[in-house]
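Q: next input, structure requested:
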Amino acid sequence: METRNLSVQARGITQNVLVGGAEDAAPVLLVHGNCSSADFWLPLVRRLPDGLRIVAPDLRGYGRSQAAPVDATRGLRDFADDVAALLDDRDLFPLDVPVVVAAHSMGCGVVMHLLAEHPGRFSAVLLEAPLSPYGFGGTRDLEGTPTTADYAGTGGGTANPDFVARIQSGDRSAEAPTSPLTVLRSAYVADPASLGEDEALLLDTVLSTAIGEDNYPGDFKPVTSWPGVGPGDRGVLNTMAPSHFNVATDLIDARAKPPIVWVRGDKDAIVSDTSLFDLAYLGSLDVVPGWPGAELCPPQPMVGQTRAVLDRYAEQGGSYREVVYDNCGHSPHIERPAEVTAELLNLVNAGGGRAH
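A: Next up is the predicted model:
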């Protein structure tokens, strides 16, 4: 499928939107994750038939969209409200019908807000390597109980400062473990060879991330609990701190419950019960010193939390299916593109908006 970029004014900011396919075709919304952009979907979009209407925005502060400030106290709602405004744009979505939505990583949290707050707008959902409904880090069990009262080990202070600096400088080398290219090869996928000829394009999406306290990674506050940093109120990583993001109850109680397909890799290094980006898990490996032990600070059971919430979603009238790919990391649409494309097309066809 061929695509083009459109510049759209919505909610007072300029958003870039990747658009492809026929205007009268079944609409599919694609929401990217953190440290990427709409172009991160291109390995999937190329496999899709022209008989779909693809709309993939760059979230604020990513890609070509305006780096507007992110109010983390609203969780991921700044992003969700930006996307919701696009749903009402008839130049993007000419057909006034429910939309199939696919999201990746942090983008899944954005979509969880949309499902809860915009019922009836979506016919089906594909969640790829989703952020836990209880946020990222700082919770200890399947109910999302905070590990500490000050939410230590979450938010803007958890980002590796060298990785942040290298994004800001546009570093394209692989000279360090914290270079964006090295992180792309080692954390975004399980097999670096799966990036193929798209490696430079996908690195561009990482480097498109706007850096600062109002964007990525955000601000932070000192706290008394280990490891001494807690969430601030501005910027991207704080939107996912459990102090600001807990959408589990809202998702379970959503008035409309479209079917959900949850796809993930069994070797995901970012969203898993052994996440290399969870300071509690890194502490258990002695990577971060001073870890107080599993009783006081256990790693977050991210996958278990998502499954528990989706089980309750199903009990309340929804449905979901979990698909796990062997030897696959955080980006199944890159590592298993044919399989993920098939899952997405099945959702489109089951919803009545058949691709043609």
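
Q: so D311 lies in a strand, does it not?
A: No - counting by DSSP: H, G, I helix; E, B strand; the rest coil, D311 is located in no strand; its state is helix.

Q: and it, how many residues sit next to it?
A: 13 (other CB atoms under 10 Å). (Each C-beta comes from the backbone N, C-alpha and C, glycine too.)

Q: please apply the same query to G20.
A: Neighbour number of G20 under other CB under 10 Å is 20.

Q: same question for G12.
A: Neighbours of G12 (other CB under 10 Å): 9.

Q: who's T3 bridged to?
A: Taking DSSP bridges as the rule, T3 bridges to G20.

Q: so it sits right up against R53, yeah?
A: No - counting by CB atoms under 8 Å, R53 is not a contact partner of T3; they are 11.3 Å apart.

Q: find residues that contact each of the two.
A: Common neighbours of T3 and R53 are listed as V19, G20 (criterion: CB atoms under 8 Å, 6 or more residues apart in numbering).

Q: comparing those two, which residue is more hemmed in?
A: Set T3 next to R53 and count neighbours by other CB under 10 Å: R53 wins out with 23 against 19.

Q: what does the more buried one show for phi and psi?
A: For R53, the backbone dihedrals (degrees, to the nearest 10) come out as phi -110, psi 110.

Q: got a list of what it touches?
A: 19-28, 93-95.

Q: could you measure from the residue lying closest to D39 once chain neighbours are set aside over to L59?
A: The shortest distance from D39 to any non-neighbouring residue, by CB to CB, 6 or more residues apart in numbering, is to T205 (5.1 Å). Distance check for T205 against L59: by CB to CB, to the nearest Å, it reads 11 Å.

Q: between the two, what contacts are shared?
A: Common neighbours of T205 and L59 (CB under 8 Å, 6+ apart) are H32, S37.

Q: show me where the stretch 151-300 of the chain has strands.
A: 211-212, 216-217, 220-222, 229-231, 260-265 (DSSP state E, counting those that start in this stretch).

Q: and these, which is most packed in?
A: Compared across the strands of the stretch 151-300 of the chain, strand 229-231 shows the largest average neighbour count, a mean of 27 (mean count of other CB atoms under 10 Å).
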